[in-house]
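Visitor: coords below, sequence missing:
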Ligand code: AMP
Ligand code: MG
């Protein structure tokens, strides 16, 4: 059986590349840059003052002090947003405010706290520490034509602000991944139905849709599919042709009604993973559908190779593939598989250049943690930052993969590696942080 690390590496190697679209800055939040951005503007755009004070010539003030102030005549007042009109000559200064343009002739700013007003003149009471003090020079933060932001980064508040400041209004970003979701099982119903004996609510559909949305991808919910090979086949075909990634849950175990793998094989999918040494979440099927994409219309359509041959369409399309995750049906297993395996894949698929792995932190466990040591074991609980150090509180109740209830209000999964059967209370443990 594959280790968690091996499975993660295989999965990351299967992630296709999405194509690119152009968006306006106003709708670029959270998107991933697909090409480096450069600006034709310097930043700052012009020399300006970092303080409220006086723009002076360094030579006039470099030797002054409280007892021997340099007294300068004030020729002009320059608020932020104004264009200076005059040139500062020897013995002169201009009143200036934070962000205002430096006037010609001046090279240094003295903050107003180090001055004293004397009618229309100003006494400078302390020498600046160096030429150029409190001047933000044109291009000192960014030079026009150089790379402003590289490809493969997320556009969050700071990045969007930088792009706005540098007047980059149209951006090339990766298309958001489309993720088809469906649940398999004759026992499943939607939450609005009166439950008959043996029936349960398809909670995985909700869990997976929220997970996908939080990853910045577009969920396409295809509902519940009965445990019938023909129905499953139709559902998988539909999912594969409408999405970049498919998440199905259930039907990947060894039961008589577990048909997912069989149907994947019938549809000529390439199966890369059948199970992983992880608990919960051992039955995990990962497959790819190689095909070619047809552009235009409602997003894109993936035409499986088998059908392409039949349709003779091969040459006209961009090669690509759909990544299929057959997740275990147990609700906790399905989510753990998402956090551990689907999350890195979606991050990479989104176009992020790095940082695909889940976030792991070192925390002090408040309880004894136990595992049989045979598989990498994930135990859920609360991760808290206390006085700058993480602590992990194991969720009370059963850690059965079917116990969805105590998974609520947790935000971390303590990880016990293969071969480790316990971690004592007070000892450090590696914890996967959940958003
Ligand atoms: P399976 O992997 O299909 O054998 O399902 C394993 C367990 O998970 C069974 O107890 C199922 O009833 C349960 N289960 C499967 N699919 C779902 C779902 N979509 N929502 C909630 N529970 C499910
Ligand atoms: Mg089932």
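Guide: It's in. Computed from a prediction, not measured in an experiment: that's the story for all the values here. Numbering: from 1, shown residues only. Ligands and ions are numbered 1, 2, ... in the order given.
Visitor: pLDDT score assigned to residue 335?
Guide: Reported pLDDT at residue 335 in the predicted model: 97.
Visitor: got the contact list for it?
Guide: 207, 211, 407 (C-beta atoms under 8 Å, 6 or more residues apart in numbering). (Glycine included, C-beta is placed from N, CA and C.)
Visitor: before we move on, what about residue 187?
Guide: 198-200 are the contacts of residue 187 under C-beta under 8 Å, 6+ apart.
Visitor: and it, how far is that from ligand 2?
Guide: Distance, residue 187 to ligand 2, using C-beta to the ion, to the nearest Å: 7 Å.
Visitor: looking at the contacts of residue 335, which one is closest to ligand 2?
Guide: residue 207 (15.7 Å; C-beta to the ion).
Visitor: if we ignore the residues flanking it in sequence, what's nearest the closest one?
Guide: residue 335 (5.5 Å; C-beta to C-beta, 6 or more residues apart in numbering).
Visitor: contacts for whichever strand or helix holds residue 275, please.
Guide: If you go by DSSP states H and E, residue 275 is part of strand 270-275. The contact list for strand 270-275 (C-beta under 8 Å, 6+ apart) reads 1-2, 7, 10-11, 14, 261, 264-265, 282-290.
Visitor: mind giving me the packing neighbours of the helix or strand just after it?
Guide: Using DSSP H and E, the helix or strand that follows strand 270-275 in sequence is strand 278-279. On a contact count with 3 or more C-beta pairs under 8 Å, 6 or more residues apart in numbering; DSSP states H and E, strand 278-279 meets strand 376-386.
Visitor: contacting residues for residue 421?
Guide: By C-beta under 8 Å, 6+ apart, the neighbours of residue 421 are 370-373.
Visitor: farthest pair within the residues you listed?
Guide: 370 and 373 (9.3 Å; C-beta to C-beta).
Visitor: show me what counts as buried in stretch 344-358.
Guide: The neighbour-count check on stretch 344-358 (16 or more other C-beta atoms under 10 Å) flags 344-352, 356, 358 as buried.
Visitor: next up, phi/psi of the residue nearest the centre of the chain, please.
Guide: The geometric centre of the chain, computed from its C-alpha atoms, lies nearest to residue 154 (C-alpha atoms, centre = their mean), at 5.9 Å. Residue 154 adopts backbone torsions of phi -80, psi 140, taken as degrees, to the nearest 10.
Visitor: thought it was touching residue 28?
Guide: No - with contact defined as C-beta atoms under 8 Å, residue 154 does not count as touching residue 28 (10.2 Å).
Visitor: columns distance to residue 235 on top of the contacts of residue 421, output as JSON lines?
Guide: Output for the contacts of residue 421, formatted as JSON lines (distance: C-beta to C-beta, whole Å):
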{"residue": "370", "distance to residue 235": "39"}
{"residue": "371", "distance to residue 235": "35"}
{"residue": "372", "distance to residue 235": "35"}
{"residue": "373", "distance to residue 235": "38"}
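Visitor: helix or strand for residue 390, which one?
Guide: Going by DSSP H and E, residue 390 is part of strand 389-394.
Visitor: pull the distance from that strand to the chain's centre.
Guide: In terms of C-alpha atoms, centre = their mean, to the nearest Å, the centre of strand 389-394 is found 24 Å from the chain centre.
Visitor: list the buried ones in that strand?
Guide: Buried, per 16+ other C-beta under 10 Å, within strand 389-394: 390-394.
Visitor: from those residues, which are also near ligand 2?
Guide: The subset of the buried residues of strand 389-394 within reach of ligand 2, by C-beta under 5 Å from the ion, is empty.
Visitor: can I get those residues in TSV with pLDDT?
Guide: Shown next, in TSV, are the buried residues of strand 389-394 (pLDDT from 0 to 100):
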residue	pLDDT
390	98
391	98
392	98
393	98
394	98
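Visitor: bridged to the residue nearest to the centre of the chain, which residues?
Guide: As for beta bridges, residue 154 partners with residue 32 under DSSP bridges.
Visitor: what sits against it?
Guide: Per C-beta under 8 Å, 6+ apart, neighbours of residue 154: 30-32, 352.
Visitor: now list the buried members of the residues you listed.
Guide: 31-32, 352.
Visitor: residue 245: what's it in contact with?
Guide: 177-180, 217, 322-325, 342, 345-346, 349.
Visitor: avg pLDDT for the strand holding residue 275?
Guide: Rounded mean pLDDT across strand 270-275 is 96.
Visitor: paired strands for it, with orientation please.
Guide: strand 283-294 (antiparallel).
Visitor: now the strand it pairs with: mean pLDDT?
Guide: Strand 283-294 comes out at a mean pLDDT of 84.
Visitor: which one of the buried residues of strand 389-394 is nearest residue 236?
Guide: residue 394 (37.6 Å).
Visitor: the closest one against residue 383, yeah?
Guide: No - shown here, residue 394 and residue 383 do not form a contact pair, counting by C-beta under 8 Å, at 10.9 Å.
Visitor: and the residue in the chain that ligand 1 sits nearest to, what's its pLDDT?
Guide: For the chain, the residue closest to ligand 1 is residue 329, as judged by C-beta to the nearest ligand atom, at 2.5 Å. As predicted, residue 329 sits at a pLDDT of 96.
Visitor: OK, contacts around the closest residue to it other than its chain neighbours?
Guide: Using C-beta to C-beta, 6+ apart and skipping residues adjacent in sequence, the residue nearest residue 329 is residue 250, 3.1 Å away. Contact analysis of residue 250 by C-beta under 8 Å, 6+ apart lists 183-185, 188, 204, 258, 260, 327-329.
Visitor: great, nothing more from me.
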